[in-house]
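A.B. asks: Below are the sequence and a predicted model for it; my questions follow.
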Amino acid sequence: MKKYINFFSVILLATLSFTLMSCSDDDENNETNGNTIEINGVMRTVSTMIGLEGSWSNGSGEFTLTVDNVKNGTNDLEYYMFSFQSAADLKKGDDVSKMQLTLSPPEASYWESYSYQSGKATVMNTNKEKSEITIKFEQLEMVYKGDIYKFNGTTTLMYDFGN
């Protein structure tokens, strides 16, 4: 009888170990890898699913900060397009804010170009193999007719180094 009780105890414990296991919903299928940035005081998720690749050529360049905009269950994308002037392509340590930096935010018309007011946008890393650039925004303010966009945080963006 003792043999049966031990056998049933082992079977019961084995069964409980499978039935008490659960799955969580913390899977990271959102394609962000924790890449976030603060825009006008609101934390935004940088999209890595779709974006525009930045580049430099003949003295001018651009990079685009693409963020998710979730409203009513729909995920739209917003594009913050930055342009700069530089004699050479971007490298680690460059302060892009000192390179005649301009911004075309999502709601702006084509002719509305926001200009640099204050803060920094420093290149923290370049990865030519992955076509990525990491930029640290420190209280970067871009202004057009009194309207201000303020950026804070470090983010990695797609960037073509032309190699």
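C.D. replies: Everything's here; your move. Numbering: from 1, shown residues only.

A.B. asks: okay, CA-based contacts and neighbour counts for the rest of this
C.D. replies: OK.

A.B. asks: Would you mind measuring from the spatially most central residue of the chain to S86?
C.D. replies: Centroid check for the chain by Cα atoms, centre = their mean gives V46 as the closest residue, at 2.8 Å. Distance of V46 to S86, given as Cα to Cα, to the nearest Å: 25 Å.

A.B. asks: just to revisit the earlier point, thought T36 was touching the residue nearest to the centre of the chain, still the case?
C.D. replies: Yes. Under the criterion of Cα atoms under 8 Å, V46 is in contact with T36, at a separation of 5.2 Å.

A.B. asks: now the helices for this protein?
C.D. replies: Along the chain, counting by DSSP state H, helices occupy 2-19.

A.B. asks: Dig out what the residue nearest to the centre of the chain forms beta bridges with.
C.D. replies: V46 has these beta-bridge partners by DSSP bridges: V67.

A.B. asks: Same question for E132.
C.D. replies: So, taking DSSP bridges as the rule, E132 has N127, M158 as bridge partners.

A.B. asks: and if you look at the one 5 residues further on?
C.D. replies: When bridges are assigned using DSSP bridges, the partners listed for F137 are A121, G153.

A.B. asks: list the buried ones in stretch 58-74?
C.D. replies: S60, G61, E62, F63, T64, L65, T66, V67, D68, N69 (16 or more other Cα atoms under 10 Å).

A.B. asks: Looking at those residues, which is nearest F161?
C.D. replies: Set against F161, the nearest of the buried residues of stretch 58-74 by Cα to Cα is G61 (10.6 Å).

A.B. asks: can you pull the contacts of the closest one?
C.D. replies: G54, S55, S83, F84, Q85, S86, D89 (Cα atoms under 8 Å, 6 or more residues apart in numbering).

A.B. asks: run the last query once more with 6 Å
C.D. replies: Counting by Cα atoms under 6 Å, 6 or more residues apart in numbering, G61 makes contact with S55, S83, F84.

A.B. asks: Please apply the same query to R44.
C.D. replies: By Cα under 6 Å, 6+ apart, the neighbours of R44 are T36, I37, E38.

A.B. asks: mind checking how far it is from Q85?
C.D. replies: 27 Å.
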